[in-house]
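Q: Can you look at this prediction? I've put the sequence above it.
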Amino acid sequence: MPIVAGGGLSGLSAAYYLSKKYSKSCLKLLLLEGSDRCGGWVKSDQRADFLFEAGPRTIRPKGIPGANTLNLIEDIGLSDAVLPIPSDHVAARNRMIYANNKLHLLPSNLMGALVTKPPFSKPLAMALLHDLKSKPKLNLDDDSMYNFVSRRFGKELADYAISPMLCGICAGDAKQISVKFLLSHLFDMEQKHGGVVKGLLKNAFNKSKRNANVLGSLAQKAKDEKWNIYSLKGGLEVLPKAIEKSLEANNIPMYTNHKIQEIAFYKNNQKVNIKVKDDYAFCSDHLYSCLPAYKLGELLDKSHPQLSGELKNIPFVNVAVINLQYDAENLLKQSAFGFLVPPMEKLPILGVIYDSCCFPNQKGTVITVMMGGKWFEEYFGDKPSESQMLEVAETQIRNILHIEDRPDNYKVNILEKCIPQYVVGHHDRVKRIRKYIQDKSLPLSLCGSSYDGVGVNDVILSALTAVESTNLT
């Protein structure tokens, strides 16, 4: 009997894919979740006239991971719940950063990249010339995003584009995050060809045939209509709830409030003993761990200390998400997706999302302030109060957006250890982790945000990949 540990989005997806793969067999499976609900960090608070999201709020439809998520949404009957934002929508076109005490629109097309726009001192297109003129740093296994972008495209791009972008994606420090997190293809071009532009030119003359991906009807619609991002009616938590409902319909047991205390392998690593209470345990033929790496590491501390150490060395950060709703309309002077704040500005916020601009069918003005991440303790200490976080958020909104109104509704979410940090060396660490599992023939598969991507698409695809790579019959 396979067991899925963790009822977040990756765990629910793994259970769903297992139930589909073995639907015609008598294979039994169950899911164990330590908290009182499934869904993980995907939390939507749908009020009468507006929506607060504590975690992710939009999904990108691009690439294989994006198409896979859309296929899942279609498969579970949520196609009609999709709320797309096309590429010509103002929230798709207008992305901003806050630098030098001002909000700046980032270029969104080729023409914008050909002219100088503050805070940049020259057109962004000049970054390509910088790449052609710069010497490569070869024989590197990895590097930080900041070092790589500074070297290839210039320090301004690293400071005002890449650094704030990473604040928005993983709440991390570009000077520590691995270039292989987002730009592995460009990093490989430098290592193989001496530069990104040189690599792009060589690849243009040596095009290899690629197999076209088979898209489901919803994914094809997203491509045809040029969706930039999308959400779901009622918030993104509709997705894990729909998966949960599908599992219930297929009689898949899901046990909440079943926090795992210890994991041990026995019978020459053919079985897994999963202890949930001092006198209660489950036996499994295969464990799909969708737990954060540090939690899995703690559970393996006694039986596999080497593996445990590797898992626990993947760092995580805390993020505060403060939702604010104002009854007043048009408080935002510029329609946009929102803005990000470069770390060099030394402000206690990562960025602000303009929720009511992205999805305008809400009462008044709704925004979300993101704070902390890599700098959480530096700005807020170990255990900040909700009132303290709300005060900081309101102060920054007054200073930057000049909104003097007090919010009519708010919600403070302090998410502890919610986002893993893919620091330099992360990919080699994950390789060592998986090699250890393979060498020891452990009946263990790894899913979730700790290893191969932190986004919604990534964790769902990780579940599919884990299920497809194992054979339990």
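A: Thanks, I have the structure now.
Q: Send me the lowest-mean-pLDDT helix or strand in the chain as PDB with only the CA atoms.
A: When the helices and strands of the chain are compared on mean pLDDT, DSSP states H and E, helix 110-113 comes out lowest with a mean of 82. As requested, the backbone C-alpha atoms of helix 110-113 are provided in PDB (Å, rounded to 0.1, in the frame of the first residue of the first chain):
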ATOM      1  CA  LEU A 110      11.000  45.600 -27.400                       C
ATOM      2  CA  MET A 111      10.400  49.300 -27.900                       C
ATOM      3  CA  GLY A 112      10.600  49.800 -24.100                       C
ATOM      4  CA  ALA A 113      13.900  48.000 -24.000                       C
END
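Q: Can you give the contact residues for the following helix or strand past that helix?
A: Counting by DSSP states H and E, the next helix or strand C-terminal to helix 110-113 is helix 126-133. Helix 126-133 has contacts (Cβ atoms under 8 Å, 6 or more residues apart in numbering) with Arg152, Phe153, Gly154, Leu157, Gly195, Val196, Val197, Lys198. For the C-beta atoms, the positions are set from N, CA and C on the backbone; glycine is no exception.
Q: right, and the pair among those residues with maximum separation?
A: Leu157 and Lys198 (18.1 Å; Cβ to Cβ).
Q: hang on, the earlier thing: could I get the contacts of helix 126-133 as CSV with neighbour count, pLDDT and distance to Pro253?
A: Below are the contacts of helix 126-133 laid out as CSV (neighbours: other Cβ atoms under 10 Å; pLDDT from 0 to 100; distance: Cβ to Cβ, whole Å):
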residue, neighbour count, pLDDT, distance to Pro253
Arg152, 26, 97, 51
Phe153, 22, 97, 52
Gly154, 21, 96, 55
Leu157, 18, 96, 51
Gly195, 22, 95, 55
Val196, 24, 94, 50
Val197, 17, 93, 55
Lys198, 16, 91, 55
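Q: between those residues, which is nearest Ala54?
A: Once Cβ to Cβ is applied, the member of these that ends up nearest Ala54 is Leu157, at 31.7 Å.
Q: What distance do you get for the closest one to Arg398?
A: Applying Cβ to Cβ, to the nearest Å, the value for Leu157 to Arg398 is 30 Å.
Q: do the same with Lys259
A: Lys259 is 41 Å from Arg398, by Cβ to Cβ.
Q: Identify each buried residue in stretch 178-189, please.
A: Using 16 or more other Cβ atoms under 10 Å as the test for burial, stretch 178-189 gives Ser178, Val179, Lys180, Phe181, Leu182, Leu183, Leu186, Phe187, Met189.
Q: among those, which are in strands?
A: Applying DSSP state E to those, no entry is found in strands.
Q: In helices only, show me those.
A: Leu186, Phe187, Met189 (DSSP state H).
Q: which intervals of this protein have sub-threshold pLDDT?
A: For the chain, residues meeting the criterion pLDDT under 70 lie at 206-214.
Q: Domain map for it?
A: 2-42+237-314+423-468, 110-205 (automatic domain parsing).
Q: Could you say which one of those domains comes nearest to Glu404?
A: Per Cβ to Cβ, nearest to Glu404 of the domains of the chain: domain 110-205, 25.8 Å.
Q: Span of the closest one from start to end?
A: 23 Å (Cα to Cα, to the nearest Å).
Q: For the longest helix seen in the chain, list every residue counted as buried.
A: Criterion DSSP H: the longest helix present in the chain is helix 386-401. Across helix 386-401, burial judged by 16+ other Cβ under 10 Å covers Met389, Leu390, Val392, Ala393, Glu394, Gln396, Ile397, Ile400, Leu401.
Q: Would you check how far apart the last one and Leu103 are?
A: Applying Cβ to Cβ, one obtains 8 Å for the distance of Leu401 from Leu103.
Q: Run a quick neighbour tally on the residue lying closest to Val238 once chain neighbours are set aside.
A: The shortest distance from Val238 to any non-neighbouring residue, by Cβ to Cβ, 6 or more residues apart in numbering, is to Leu232 (4.5 Å). Number of residues near Leu232 (other Cβ atoms under 10 Å) recorded here: 21.
Q: from what I can see Leu232 touches Pro84, true?
A: No - using Cβ atoms under 8 Å, Leu232 is not in contact with Pro84; the gap is 10.4 Å.
Q: Would you map the helices across the stretch 251-400 of the chain?
A: Ranges of helices in the stretch 251-400 of the chain, per DSSP state H, counting those that start in this stretch, are 293-299, 305-312, 355-358, 376-380, 386-401.
Q: can these go into a markdown table with extra columns for distance to Leu340?
A: Converted to a markdown table, the helices of the stretch 251-400 of the chain look like this (distance: least, Cβ to Cβ, whole Å):
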| stretch | distance to Leu340 |
| --- | --- |
| helix 293-299 | 26 |
| helix 305-312 | 30 |
| helix 355-358 | 15 |
| helix 376-380 | 16 |
| helix 386-401 | 12 |
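Q: The ones you listed: which one's closest to Ser441?
A: helix 305-312 (13.0 Å).
Q: Buried residues in the closest one, which are they?
A: Leu307, Ser308, Glu310, Leu311, Lys312.
Q: from those residues, which single one is nearest Asp458?
A: Nearest to Asp458 among the buried residues of helix 305-312: Leu311, at 18.0 Å, using Cβ to Cβ.
Q: where's the closest residue to Tyr294 other than its chain neighbours relative to Gly66, distance?
A: Distance criterion Cβ to Cβ, 6+ apart; nearest residue to Tyr294, sequence neighbours excluded, is Lys312 at 5.1 Å. Look at Lys312 and Gly66: by Cβ to Cβ, they are 31 Å apart.
Q: Equivalent analysis for Pro348, please.
A: Counting by Cβ to Cβ, the gap from Pro348 to Gly66 is 33 Å.
Q: can you list the buried residues of helix 305-312 in TSV and add distance to Ser144?
A: Below are the buried residues of helix 305-312 laid out as TSV (distance: Cβ to Cβ, whole Å):
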residue	distance to Ser144
Leu307	26
Ser308	27
Glu310	21
Leu311	22
Lys312	22
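Q: Just give me the closest of the residues you listed to Asp88.
A: Looking across the buried residues of helix 305-312 and measuring by Cβ to Cβ, the closest to Asp88 is Leu311, at 43.8 Å.
Q: ok, that closest one touching Gly297?
A: Yes - Leu311 is in contact with Gly297 according to Cβ under 8 Å; the separation is 3.2 Å.
Q: Tell me if I'm right that Thr470 and Ser445 touch.
A: Yes - counting by Cβ under 8 Å, Ser445 is a contact partner of Thr470 at 5.8 Å.
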